[in-house]
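Chemist: 3D model of this:
(chains A and B)
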Protein chains: 2
Amino acid sequence: MISKQMRQEVAGSSAIRAMFLEGKELAKQVGAENVYDFSLGNPMTPVPASYNQAIIEAVQTESSLELHGYMDNAGYPETRQAVADNLNQRFGTDFLYTHIVMTVGAAGALNVVFKTILDPGDEVLALAPYFGEYRGYVANHQGVLREVKPDIPSFQPDLEDLEEKITEKTKALIINNPVNPTGVIYSEETIQKIAGILEKKQQEYHHEIYMVSDEPYRELIYDGNEVPFLTKYYENTFVTYSFSKSLSIPGERIGYIAVCPQMTDCDQAIQGLSVANRILGFVNAPSLMQKALIKSMDARTDVNYYDRNRQLIYGKLTELGFACVKPQGAFYLFLKSPEPEEKNFVEAAKRHHILLVGGSSFSCPGYVRLAYCVSYEMIERSLPAFEKLAEEYQKK
Amino acid sequence: MISKQMRQEVAGSSAIRAMFLEGKELAKQVGAENVYDFSLGNPMTPVPASYNQAIIEAVQTESSLELHGYMDNAGYPETRQAVADNLNQRFGTDFLYTHIVMTVGAAGALNVVFKTILDPGDEVLALAPYFGEYRGYVANHQGVLREVKPDIPSFQPDLEDLEEKITEKTKALIINNPVNPTGVIYSEETIQKIAGILEKKQQEYHHEIYMVSDEPYRELIYDGNEVPFLTKYYENTFVTYSFSKSLSIPGERIGYIAVCPQMTDCDQAIQGLSVANRILGFVNAPSLMQKALIKSMDARTDVNYYDRNRQLIYGKLTELGFACVKPQGAFYLFLKSPEPEEKNFVEAAKRHHILLVGGSSFSCPGYVRLAYCVSYEMIERSLPAFEKLAEEYQKK
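Modeler: Numbering: from 1, shown residues only, chains lettered A, B, ... in the order given. Here you go, the predicted structure:
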């Protein structure tokens, strides 16, 4: 028998798999073009050609043994320098290459951070609604995840609740910005207030409370919005990043951790990250991808594509009377279920061949998440189905 | 402050770093060509050209979104099929693609296996001497590592000790074959006896005791030796593998787990591995590398190079009167320290500019490990230094 925890996890993942198979079955019955699958957060815009070119050049010109070989667990110094330069240029920060640790994506980065900072029983706060995987990442390292309520309908965090939830055991607060699943960007004002609360609580409890920023959607922002860069507001900050969305390369597992140079015991923290990268079995971020990144720091996939999708679906849904906060970034939209039981709404949508994910998966029941990282044409085709779904609820 | 455990780990890793810096300092003083560094297990033979070609072809011909995109957490079906076919062909096994889970190297694979099978407090046995990282991998998932003594001087495991060490809490036995740090291959007879002991203990305790095979050195074998393929001898077996050494690509972090098709609750175990891959933050093995592997299953680096090194250094050391078991695989040689305190011998060697690692790092004090994955020329240059070192001990 496998472990008790994993038997539970397998049971949970079987439910998701059942949903996935149900979708496939539906496609068989009504034709794939008549199923409107908004359930998955998979990038679908083109990989920048320059990135593929950088891979080929690296393979053709570099020493194979170095290109595919071991390096320091924190990554190649030149890749770390390129990340530091890029951040300093864009955000006016003062990272040296030593403050950057290359990781196996943002999921790897978060696990490395939690392994580094958490003692058994330590608490980590997450701002609901949040990416459900955080719970597992914290539990991997014997931490306990606690939720902070959102302010509704703005979906900025409820700061009073945040202050109440911080205890002697609180070691970190995860900030995902822009937010999966709402698409909201936490404003500079929100970040400043959060920083103020954490500073106060650090003094009260005489130990560090870290901000752990999770920013895979950093470059996917619309309407000229800006995402505050957290090390500028709070010193005990780890920024975790992934190139999965900005370059549409989620399968390659490449990202980084940037450690605020002003962090308490900064050198020890950086060494801890490097050791954690090794002990957890990541060892290092994939080497060829690190090399290809050096020349691709400013490369971007086509963010306008997602923006066009956003405007189409947001416009239509609000026109139909659905309530949702306007997404400012990422590629998600968080819709209020028109009936208290989101599960019933998910089922009703499915009868119109629309696949959505319930907000309970993000610790925010009564809502559903719609991922608009799909083709524009599919959204167009789905609009009559949304109309019928709306009608059904207007009659009720 | 980072966590208590990580502060200890950082202190330990600082000691290794100090040793590394000392080596660099030595190179500055006497010239890099006069320092004989046998301390690191880094592959140094050429990456097969066909592998680099497969990378370029994949980038040039495949859809970028699929090539760099998410797939099932267990990996691309075609890569898993290629692994299954390769194993079936070579070992007469009956793997389907579903029995293969692609991983972030063997270190990732071992962590995924332990996450899947260990409940807190479960015990995992390792056969001394063993790769020190196992201790951390087991502890990551709240398991406890227990050691089994070697039979000396054969360095096959002491099977009586193995039998005594298995308790109600034993969940797994790690078998690394060929062995780092001795280069010994556990014989078919040894494996059969181990399987018999585990079968008996499974019945006694009424639960599975898994064999977890760690085989990064599988293809690095000499003198026509064979490494028994463990699923043929014991059903509850996970084989973990890495392409780091066979293709000289350790930086790329690519490997797999093969699950014995006859394992108890096999499907649940496979699902557990897939979920663990996700939860631990690996998510999936790097995607481009998975694609490039499809055509590179039979590609190999130049194993003869290591063999030539082996013969030169083993011949010389035994001629000089040093005692060591003849390596049959991998690229390590395990030398008996001519004085009880291995630490003093490591220091004495360093005075002759020879860098070695103490056996205590492998839970086997009184020995030192010499990694001969270095240039043949460096070994040649080092021989007079070994002569002087031997003389020094003959005088004592």
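
Chemist: Skipping its backbone neighbours, what lies nearest residue A:36 in space?
Modeler: Distance criterion C-beta to C-beta, 6 or more residues apart in numbering or on different chains; nearest residue to residue A:36, sequence neighbours excluded, is residue A:382 at 3.7 Å. Every residue, glycine included, has its C-beta placed from N, CA and C.

Chemist: would you say the one you found is within a helix?
Modeler: Yes: under DSSP: H, G, I helix; E, B strand; the rest coil, residue A:382 sits within a helix.

Chemist: what ranges do the helices span in chain A?
Modeler: Using DSSP state H, the helices found in chain A span residues A:4-30, A:49-61, A:64-67, A:77-91, A:105-117, A:133-140, A:159-165, A:188-205, A:266-279, A:287-293, A:303-319, A:342-351, A:376-395.

Chemist: CA atoms only for the last one - export them in CSV, please.
Modeler: By that I understand helix A:376-395. The C-alpha trace of helix A:376-395 is given here as CSV (Å, rounded to 0.1, in the frame of the first residue of the first chain):
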residue,chain,number,x,y,z
TYR,A,376,-10.6,33.4,-29.9
GLU,A,377,-12.7,31.3,-32.3
MET,A,378,-13.8,28.9,-29.5
ILE,A,379,-14.9,31.8,-27.4
GLU,A,380,-16.9,33.1,-30.3
ARG,A,381,-18.5,29.7,-30.8
SER,A,382,-19.3,29.5,-27.1
LEU,A,383,-21.3,32.8,-26.9
PRO,A,384,-24.7,31.3,-27.9
ALA,A,385,-24.2,28.7,-25.3
PHE,A,386,-23.6,31.3,-22.6
GLU,A,387,-26.7,33.1,-23.9
LYS,A,388,-28.8,30.0,-23.3
LEU,A,389,-27.2,29.5,-19.9
ALA,A,390,-28.1,33.1,-18.9
GLU,A,391,-31.7,32.6,-20.2
GLU,A,392,-32.1,29.5,-18.1
TYR,A,393,-31.2,31.5,-15.0
GLN,A,394,-33.3,34.5,-15.9
LYS,A,395,-36.4,32.2,-16.0
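
Chemist: What helices and strands are in contact with that helix?
Modeler: strand A:36-37, helix A:303-319, helix A:342-351, strand A:354-355 (3 or more C-beta pairs under 8 Å, 6 or more residues apart in numbering or on different chains; DSSP states H and E).

Chemist: Pull the residues that contact that helix.
Modeler: A:33-34, A:36-38, A:305, A:308-309, A:312-313, A:316-317, A:320-322, A:338-339, A:348-349, A:352-354, A:372 (C-beta atoms under 8 Å, 6 or more residues apart in numbering or on different chains).

Chemist: Buried ones from those, can you make that a ChimeraX selection?
Modeler: A single ChimeraX command suffices to select whichever of the contacts of helix A:376-395 are buried according to 16 or more other C-beta atoms under 10 Å in any protein chain shown:
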select /A:36,37,38,305,309,312,313,316,317,322,338,348,349,352,353,354,372
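
Chemist: Setting aside sequence neighbours, what's the nearest residue to residue A:337?
Modeler: residue A:345 (4.1 Å).

Chemist: What pLDDT is listed against that neighbour?
Modeler: For residue A:345, the pLDDT comes out at 97.

Chemist: same thing with residue A:30?
Modeler: The model's pLDDT for residue A:30 equals 94.
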